[in-house]
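Enquirer: can't give you the sequence, but here's the structure:
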């Protein structure tokens with residue numbers, strides 16, 4: 001299988017027990033994000049998804065708009081929270097953490 005890839009979008013999953021796996025030759029993406037059922041996403045045919053380790057996802061293909069749109073759909077399943085920094089974020093994204101409650 002020859003893959004032409006011009007555009008990449010890497011996402012990392014941060015959190016205890018958060019995992020990702022790809023099945024059916026890269027057509028199904030299963031995300032374990034702390035919800036009781038796994039989140040299942042069907043990968044569109046214009047996008048190829050690769051999984052490195054169990055917490056890094058790579059969306060790639062020729063069409064930049066479809067790659068970025070699918071990466072945004074993955075990120076919207078569990079966007080990063082500002083207090084603990086857990087969730088799905090782009091690899092080059094910086095989350096500014098908030099302090100939270102102060103105890104007196």
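Expert: Alright, I've got the coordinates. All figures in this text were calculated on a predicted structure; none of them were measured in a lab. Numbering: from 1, shown residues only.
Enquirer: quick one: low-confidence parts of the chain?
Expert: Residues of the chain that meet the criterion pLDDT under 70 lie in 1-4, 103-104.
Enquirer: the strands in it, which residues?
Expert: Applying DSSP state E to the chain gives strands spanning 7-14, 19-23, 28-32, 39-42, 48-52, 56-61, 87-90.
Enquirer: list the buried ones in the longest one?
Expert: When burial is assessed from 16 or more other Cβ atoms under 10 Å, strand 7-14 yields the following buried residues: 7, 9, 11-14. Just so you know, the C-beta spots here come from the backbone N, C-alpha and C atoms, and that holds for glycine as well.
Enquirer: Repeat that for stretch 18-29.
Expert: For stretch 18-29, burial by neighbour count (16+ other Cβ under 10 Å) applies to 18, 20, 22, 29.
Enquirer: doesn't residue 56 make contact with the first one?
Expert: In this case it means residue 18. No. Between residue 18 and residue 56 there is no contact under Cβ atoms under 8 Å: 11.5 Å.
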